[in-house]
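Need coordinates for the below:
(2 chains)
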Amino acid sequence: MKRQSKPKVAFFDFTDCEGCQLQFANMGTALLELTELIEIVNFREIMSEAGEDYDIAIVEGSITTDNDIARIKAIREKAKILVALGACAATGGINGIKNRSSLDLAKQRVYGDKAGQINTIKVMPLDAVVKVDYYILNCPAYIPEIIAVLKAMLLGKPYPLPNYPVCAECKMNENVCRYEKDQECMGPVTRGGCNSWCINKGNRCYGCRGLVDNPAVDAAKDILQKYGLKTEDILNSFTLYNDSQGAKYDQEFK
Amino acid sequence: MKYAILKKSDLNHWLKHLKDRAKLYAVRKKENLFVFRPVKEVQDVCLDYIPTILPPKKYYFPQKEKLIKFSVQPFKTAKAIDKFEDFILFGVHTCDIAGMQCMDVVFREVPEDPNYLNRKDKMTIIGIECLKYCDQYANCTSMGNHVPRGGYDLMMVDLGDKLIIHINSEKGEKLVTGLDYIKEATQGQMDLLESTREEKKKIFKEEFTGPLTKVYDTFDKSFVSSVWKDVGRKCVACGNCTAVCPTCYCFDTQDELDLSLNEGIRYRIWNSCQMDDFAKVAGREDFRKGRDNRQKHRYYRKFKYPVDKFNRYFCTGCGRCTRACMAEISLVETVNSLLREEKK
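Residues are numbered from 1 along each chain as shown, chains lettered A, B, ... in the order given. Modelled structure (predicted):
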């Protein structure tokens, strides 16, 4: 499809490891193909220029300070389309562990006697502050999903997040089930779409993509208990990446 | 020739011969389980195995299958695959052959499914009859699939140091003739096959507490039953049971454009009634809410609906759904619970 002008894309990051942008940079030839469709004007991992004129903002990281709130709002104002890139931006990600204890305690643990000087707030995914148009999940982002979301975006179509668990893809890949090997795995309650990336490589699922819309919590709890996990560990497994849904399980598991 | 004899010491010769004739798929070990894979080294081929993680349906109904190629401007469609290659499935259990017969009934129903037939027509099936139970999960005897019931080209039975091979098709016959190490079976070997099967009858016992006709009647009356509530409460909705089932054939179709945003491929991808969104339609109505209803549906698609429609049970007795269920939902126990409830 011939395009009159290519949309300008800028990358921004908040609280994160910048690993998802690295995934983007590591895309290989697909990145070159993408530059036929988009013009990258700001991406500090791959270029020195930092254009402030953009149509699409691809944002990594979660919101953890008052300054972050002001900054993401300003980005949102400028961008026609805002994409949350990676678990931290999309669901709060692993940063959400901070919310599992009181803010004071969290500050104390990390900054000790300097805790008083630190301005930090509850960890939030981007959509707790601004409207997000597209979500790219995973920790780090999964390259085929990055491409799929960008294609949908460029076609002006929605990208509905899969609402099936990781197991669906894992079985299609004919992996030996982690439970078969007496390992715990968050696959049954975690949103699919990663093509069971970790399990294919011999690891287990940690739930980095967030939970499916309607996780079978009771059944999952039964299973994890059967494999020797205590209630507290199960809660930790559920909330390692998913503090945003944590409050719900606090009630159910305690 | 109706029955042929192959010494086990010549099995690898024969496998090499088969490998030269067509793409050869057979079972090999994967960690503590088994999978069908293309044969690289003939010595890796297993004949003594518990049912593979996925049934061989992945070769005639692939997980993600190209249907057509298309372009948007100018609008054009074309075949996604021009040529399908001949392939042999080696060492298929009788339960999985029953699964193929079920798929055949479904995909050959008018209008026939060309995507399935393209592959199926290129397939040669060499079966192996089990002489002992694979494990405690199978219910092949109740389903009548513990013994060969057609649907194959060749069927092997283990006679100790030899394999006796039933030749069931011309295609099969061509694979055993003209080889000096495969001979016609003698009367003595036929008698040994007979006595082996007699011995087998002592091992294989019906797993359901009632005959299949009774099971069917029970399903007719069990649409409302506490059994489904119990099953639904245990179910974690992972979809393992349907993915590993040799007779589940539901799929979704998806169009994927490449980065030209003009050319793409239409795929069909396995889908499952156990997924939360499976029965949702526009307007967000959900025709099958709840994991209990979805599990019930799976069972009815094995023991009731296909019997009404195709006069065939769609459970093969392979036991995969039970084996793959981390929540330990057992098909045999579920059916027996329904039978028990019926009696009350």
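
mind checking the backbone torsions on the residue lying closest to residue B:185 once chain neighbours are set aside?
Closest residue to residue B:185 apart from its sequence neighbours, by CB to CB, 6 or more residues apart in numbering or on different chains: residue B:3 at 3.8 Å. Placement of C-beta: from N, CA and C, glycine included. Per-residue torsions, residue B:3: phi -130, psi 130 (degrees, to the nearest 10).

now residue B:257, nearest residue through space, not along the chain?
Nearest to residue B:257 is residue B:264, by CB to CB, 6+ apart, at 3.9 Å.

Revised request: answer the last question for residue B:23.
Closest to residue B:23 by CB to CB, 6+ apart is residue B:87, at 4.1 Å.

count of neighbours near that neighbour?
17 (other CB atoms under 10 Å in any protein chain shown).

Residue B:270 versus that one, what's the distance?
For residue B:87, the distance to residue B:270 (CB to CB, to the nearest Å) stands at 20 Å.

which secondary structure element contains residue 88?
Using chain A here. Assigned by DSSP states H and E, residue A:88 belongs to helix A:87-91.

That was the other one, I meant chain B.
Per DSSP H and E: strand B:87-93 holds residue B:88.

so what strands line up beside that strand?
strand B:23-30 (parallel), strand B:123-128 (parallel) (DSSP bridges).

Let me have those in CSV, extended by mean neighbour count and mean pLDDT.
Shown next, in CSV, are those (neighbours: other CB atoms under 10 Å in any protein chain shown; pLDDT from 0 to 100):
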stretch, mean neighbour count, mean pLDDT
strand B:23-30, 20, 98
strand B:123-128, 22, 98
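
Identify whichever of these lies nearest to residue A:175.
Within these, the stretch nearest residue A:175 is strand B:23-30; the backing value is 8.6 Å (CB to CB).

Flag every residue of the stretch 151-300 of chain B that's near chain A.
Within reach of chain A by CB under 8 Å from any CB of the partner chain, the stretch 151-300 of chain B has these residues: B:233-240, B:243-244, B:256-257, B:259-262, B:270, B:272, B:275-277, B:291.

Just the buried residues of those residues.
B:234-240, B:243-244, B:257, B:259, B:270, B:272, B:275-276, B:291 (16 or more other CB atoms under 10 Å in any protein chain shown).

mind listing which of those are in helices?
Cross-referencing these against helices under DSSP state H gives B:234, B:240, B:243, B:291.

Now for the last one: which residues touch it?
If a contact means CB atoms under 8 Å, 6 or more residues apart in numbering or on different chains, then residue B:291 has A:216, A:219, B:232, B:233, B:235, B:237, B:274 as its contacts.

which one of those is nearest residue A:184?
Compare each of the contacts of residue B:291 with residue A:184 using CB to CB and the shortest gap goes to residue A:219, at 14.2 Å.

how is chain B carved up into domains?
Residue ranges for each domain of chain B read B:3-62+B:83-203, B:212-248+B:274-343, as given by automatic domain parsing.

Nearest to residue A:51, out of those domains?
Between these, domain B:212-248+B:274-343 lies closest to residue A:51; by CB to CB that is 39.7 Å.

Between its first and last residues, how far does the closest one reach?
15 Å (CA to CA, to the nearest Å).

Off-centre distance for it?
Mean-position distance between domain B:212-248+B:274-343 and its chain equals 17 Å (CA atoms, centre = their mean, to the nearest Å).

what's the lengthiest helix in chain B packed up against?
Looking across chain B with DSSP H, the single longest helix is helix B:187-203. When contacts are defined as 3 or more CB pairs under 8 Å, 6 or more residues apart in numbering or on different chains; DSSP states H and E, helix B:187-203 packs onto strand B:3-7, strand B:162-167.

what sits up against that helix?
B:3, B:5, B:131, B:132, B:133, B:146, B:147, B:157, B:159, B:162, B:164, B:185.

Looking at those, spot the one nearest chain A.
residue B:133 (19.1 Å; CB to the nearest CB).

confidence score at the closest one?
For residue B:133, the pLDDT comes out at 97.

My read is that it contacts residue B:207, right?
No - the pair residue B:133 / residue B:207 is not scored as a contact, 9.6 Å apart, by CB atoms under 8 Å.

Could you check which of those two is surrounded by more residues?
Neighbour count, other CB under 10 Å: between residue B:133 and residue B:207, residue B:207 has more, with 22 against 17.

Would you agree that one is in contact with residue B:141?
Yes - with contact defined as CB under 8 Å, residue B:207 reaches residue B:141; the gap is 6.0 Å.

joint contacts of the two?
residue B:317.

interface residues of chain A facing chain B?
Contacts of chain A with chain B, taken as CB under 8 Å from any CB, map to A:1, A:30, A:33-34, A:36-37, A:147-148, A:151, A:154-155, A:163-165, A:167-168, A:171-172, A:174-177, A:179-181, A:187-189, A:212-214, A:216, A:218-220, A:222-223, A:226.

Flag every buried residue along stretch A:22-42.
A:23, A:24, A:30, A:31, A:34, A:37, A:38, A:39, A:40, A:41, A:42.

so of those residues, which ones are in strands?
Assignment to strands by DSSP state E places the following of the buried residues of stretch A:22-42 there: A:39, A:40, A:41, A:42.

For the buried residues of stretch A:22-42, give me JSON lines that also has pLDDT and distance to residue A:233.
Formatted as JSON lines, the buried residues of stretch A:22-42 follow (pLDDT from 0 to 100; distance: CB to CB, whole Å):
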{"residue": "A:23", "pLDDT": "96", "distance to residue A:233": "30"}
{"residue": "A:24", "pLDDT": "94", "distance to residue A:233": "34"}
{"residue": "A:30", "pLDDT": "94", "distance to residue A:233": "39"}
{"residue": "A:31", "pLDDT": "94", "distance to residue A:233": "40"}
{"residue": "A:34", "pLDDT": "95", "distance to residue A:233": "41"}
{"residue": "A:37", "pLDDT": "95", "distance to residue A:233": "45"}
{"residue": "A:38", "pLDDT": "96", "distance to residue A:233": "44"}
{"residue": "A:39", "pLDDT": "96", "distance to residue A:233": "48"}
{"residue": "A:40", "pLDDT": "96", "distance to residue A:233": "43"}
{"residue": "A:41", "pLDDT": "96", "distance to residue A:233": "46"}
{"residue": "A:42", "pLDDT": "95", "distance to residue A:233": "42"}
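
Of these, which is the nearest to residue A:112?
For the buried residues of stretch A:22-42, the nearest to residue A:112 is residue A:23 (33.9 Å; CB to CB).
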